[in-house]
Each structure stands twice: as C-alpha cells, then as structure tokens.
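A.B. asks: I would like the atomic coordinates for the input below:
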Amino acid sequence: MTASLARRLHVAILLALTATPQLAGESTDFGKLLERTAPALVTVQLVLQVKTTGSMGQLIGDSQGFETETVCTVIDAQGLILCSNTQTTGYMGIMQRVMGHMGAQSDLAVTPTQIRVLVAGETKPFTAKLLVRDTDLDLAWLQIENGGDRSFAFVDFAQNASPGAGDLIFAIRRLDKFFDRAPSLLEARVSSITQKPRALIIPTAGFETSLGIPVLTTSGQAIGVLVLQLPDESESSSRPGLSLEMMGWSSRMQDIGRGVVLPAADVVKATRKALASLPEETPKKD
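C.D. replies: The predicted model follows:
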C-alpha cells in the first residue's frame, strides 16, 4: 500500500467515524424545507414606547421610544402572526428582572407601536396591530391590518409531530438586515423533553438563542415554536443586591436563559384561547 493510498484510507475512516448517523425517515432535501417554510417567516418592525420609574427611570429616562425588529411566524392565511413576547418588548422585562435582583426598585411599561411587517417578495411593508399577549408562555399575537384579500404563506401548527430524544430538528430564521434578511436553516437535536414547568422540548446547542421562530421535522411538520421560559420571581432570592443567593440564581441561566420549544399542540391551544379572549369588536379567526 502506498503512502498516498494509506492517507486516503485514513481520512475515509475518520469521516466514517465522525459522521452523524441519519435517523430513519430523515429527509436530506433541506433546501426544499427552507424554500417551503421561509415565506412564512416575516420581519416585524416596532417602535417601543417605554415608560419607567425609579432607578431604571434615572438610568434610561422616564419615557422614550426606540426602534427594534424581530422575526415572527405567520400562522394563518389571513395574516395572523405569532411572536415571542420577550422580543416584542425588546427584552425589557428581563432588564427589569435583573435590575430588581440588583436592588433597584423600578416599574416599567412597554407598549409596541407603529408595527410594520416585512413580507418576502413584497415591496412595501404591511401594518399590523398587537392583539393579545401571553407572558407566561412568552407569546404575542399580531394581526396584519391591510392585507386585503391576499393569502399569506403560513406554518400550520395543527399539522404537527412529536419528536423523541435524539431526533433531528430544524428551525428557520431570517438573518440581520445587513444580510438582506435572508432565510437561514438551523439544525439541532432534541436533548430532553420536560414536563415542568410544562411540556417543553429542549434542543441541543444550535438555535436556542433564537425566539419566535418555528421548529420543524425533517419533513416540514411543525414541532413547536421557540420561546423563553423563566422561573417565577418568587423562586429567586427575595434579598436585593449581589447576594450569594442571587449569584446562585444567575448560575442557573445556563439552563433557563435559553430558548426552548413550546410544542405545536400547545401553540394551537394557546392561540384559540388568546383569540377567544378578544373583545367582540375585534374580528376573530376561525
């Protein structure tokens, strides 16, 4: 055996040993998965009106507005949009919690205004309004207002699947505007499935920092949506300042300070409940 042939054989063996095994039924046509799902991923631009009191008000001002944007998911053909509530408030709720642990007593109110929705292939943005939030599930629902008779591409969470530990899963997001908000496919596996604080699918490292985007099987069925789940304030230290208890709570952020997957069936239930809570003058979806 020549040295060249031996090197090629060595490389082939290493590739075989390090290759990720493919699960039964997994599709390899990821391009089609991206192409089919990406149109339902929209960019939501907001102007957040923030009113603060106490120490935080002294830090950032009593009242101000700032622009932000996030990626959300269209969930029906009439332009109903599902977002992460954390992102539609500019992470201000987390900031308030951190300030509280530091001993700063502040009240903070965040109101999304001037909501615009950028849909791929459309030259002009659509306007939208905030319908309702579920802070416990970290969900917010928006409705496109000037869609007319247009039928929007959407992710159907009613057609869902329940993965098991180790299964390959995908999420789709849009890149920053610097990259023209191009759709991007993210890959991970199911590392765990929890029942507390509720049924949640925990992904391996890969897309846990993204929120409000759909998680799919290799065939494109909805598994759920990425959200942030934080413990109740009562579970953290009641003593303000940089106490050892607070530092211990902060160390838990390795597990709790990351996106997890709210199962698709629970997304459907939450959406029905949220829309049923709307006042009669607000049009409801079937």
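A.B. asks: for the closest residue to residue 181 other than its chain neighbours, what are its contacts?
C.D. replies: Sequence neighbours aside, residue 174 is the residue nearest to residue 181 in space, at 4.5 Å (criterion: Cβ to Cβ, 6 or more residues apart in numbering). In this view, the C-beta of every residue, glycine as well, is placed from N, C-alpha and C. The contact partners of residue 174, by Cβ atoms under 8 Å, 6 or more residues apart in numbering, come to 38, 41, 43, 71, 181-184.
A.B. asks: Out of the residues you listed, give me the two with the largest separation.
C.D. replies: For the contacts of residue 174, the maximum inter-member distance is 12.8 Å, found between 43 and 184 (Cβ to Cβ).
A.B. asks: separation between the residue nearest to residue 181 and residue 184?
C.D. replies: Distance from residue 174 to residue 184, counting by Cβ to Cβ, to the nearest Å: 7 Å.
A.B. asks: and if you look at residue 34?
C.D. replies: As judged by Cβ to Cβ, residue 34 and residue 184 stand 8 Å apart.
A.B. asks: Quickly list what's touching both of those two.
C.D. replies: Between them, residue 34 and residue 184 have residue 172 as joint contacts when contacts are counted by Cβ under 8 Å, 6+ apart.
A.B. asks: hang on, isn't residue 261 packed against residue 215?
C.D. replies: Yes. Distance between residue 261 and residue 215: 5.0 Å, which falls inside the contact criterion (Cβ atoms under 8 Å).
A.B. asks: Can you check which residues contact both of those two?
C.D. replies: Residues within reach of residue 261 and of residue 215 at once, by Cβ under 8 Å, 6+ apart, are 169, 201, 203, 223-226.
A.B. asks: So for the residue nearest to residue 181, what's the pLDDT?
C.D. replies: Confidence per residue is given as pLDDT, and for residue 174 that number is 95.
A.B. asks: now do residue 258
C.D. replies: Checking the pLDDT column for residue 258, the value is 80.
A.B. asks: swap in residue 53?
C.D. replies: In the prediction, the pLDDT value recorded for residue 53 is 72.
A.B. asks: and if you look at residue 24?
C.D. replies: We note a pLDDT of 40 for residue 24 in this prediction.
A.B. asks: Give the bridge partners for the residue nearest to residue 181, please.
C.D. replies: Beta-bridge pairing for residue 174 (DSSP bridges): residue 183.
A.B. asks: I'd like the distance between it and residue 32.
C.D. replies: Relative to residue 32, residue 174 is positioned 18 Å away (criterion: Cβ to Cβ).
A.B. asks: cool, and residue 112?
C.D. replies: Counting by Cβ to Cβ - residue 112 and residue 32 are separated by 34 Å.
A.B. asks: So for those two, which residue has more residues nearby?
C.D. replies: Relative neighbour count places residue 112 above the other of residue 112 and residue 32, with 22 against 11, counting by other Cβ atoms under 10 Å.
A.B. asks: How many residues are close by residue 260?
C.D. replies: One way to gauge burial is a neighbour count; for residue 260, by other Cβ under 10 Å, it gives 23.
A.B. asks: That one touches residue 225, doesn't it?
C.D. replies: No. Here residue 260 does not reach residue 225: they are 10.0 Å apart, not a contact under Cβ under 8 Å.
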